[in-house]
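>>> Fold the stuff below for me.
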Amino acid sequence: MSNFEMKYTVRLYDPDLVVEIGNLYKAHSKEFRNKNEFMTCLIRLGVDALKAKPPTAPASAAVPPAAALNKLYDEMRKIESIADETGKFLKVQGRKTDAHIAVMEKLLASLYNMNLGELSGVPPLPRKVEDGFFDDLPPRFEKIILMLEQQFGLK
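Below is the predicted model of the structure:
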């Protein structure tokens, strides 16, 4: 078997650890030929210590306690409740909006039809206006609405 050389560079960012290693080397320097042999021994001791104890799951992989899960479920229930209430509110508001739009459509149709009557020289009678005689949407506008609803996939 041929001799080969492997080199590793280890950077230590903990100044206390560096001081501790230096103190250990001073205390045990007579047992080793050089600092490299000392560092190799430290690494071997660390590897052996890690091999001796069984591996454990990282703390982040631990199952959260039941209290934390219950708190999470409570928060989810609150969010679901808020979403349900918001949905109900928006449904009511949508229906109110639909009602107001229907009234505006009738009012605009009435105004349009009354103006047509005025232009043709026949002024509308107030009784006919109040009875809804002018409320119907002219057929050409009904066709436009149907065409647009089909175009946008609403019918």
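>>> domain parsing for this protein?
Under the assignment automatic domain parsing, the domains of the chain span 15-55, 92-155.
>>> Tell me which helix or strand comes right after the longest helix seen in the chain.
If you go by DSSP state H, the chain has its longest helix at helix 66-119. Later in the chain than helix 66-119, the nearest helix or strand by DSSP states H and E is helix 126-130.
>>> Show me what that following helix is in contact with.
Where contact means C-beta atoms under 8 Å, 6 or more residues apart in numbering, the residues beyond helix 126-130 that reach it are 110, 114, 134. All C-beta atoms are positioned from the backbone trio N, CA, C, and that covers glycine.
>>> now stretch 115-124
113-114, 133-134.
>>> now do 7 Å
Contacts with stretch 115-124, where a contact means C-beta atoms under 7 Å, 6 or more residues apart in numbering, come from 114, 134.
>>> how about stretch 30-47: buried residues?
Residues of stretch 30-47 classed as buried: Phe38 (neighbour count, 16 or more other C-beta atoms under 10 Å).
>>> Any idea how far it is from the middle of the chain?
Here stretch 30-47 shows a centroid-to-chain-centroid distance of 52 Å under the convention C-alpha atoms, centre = their mean, to the nearest Å.
>>> now stretch 131-139
The chain centroid and the centroid of stretch 131-139 are separated by 49 Å, computed with C-alpha atoms, centre = their mean.
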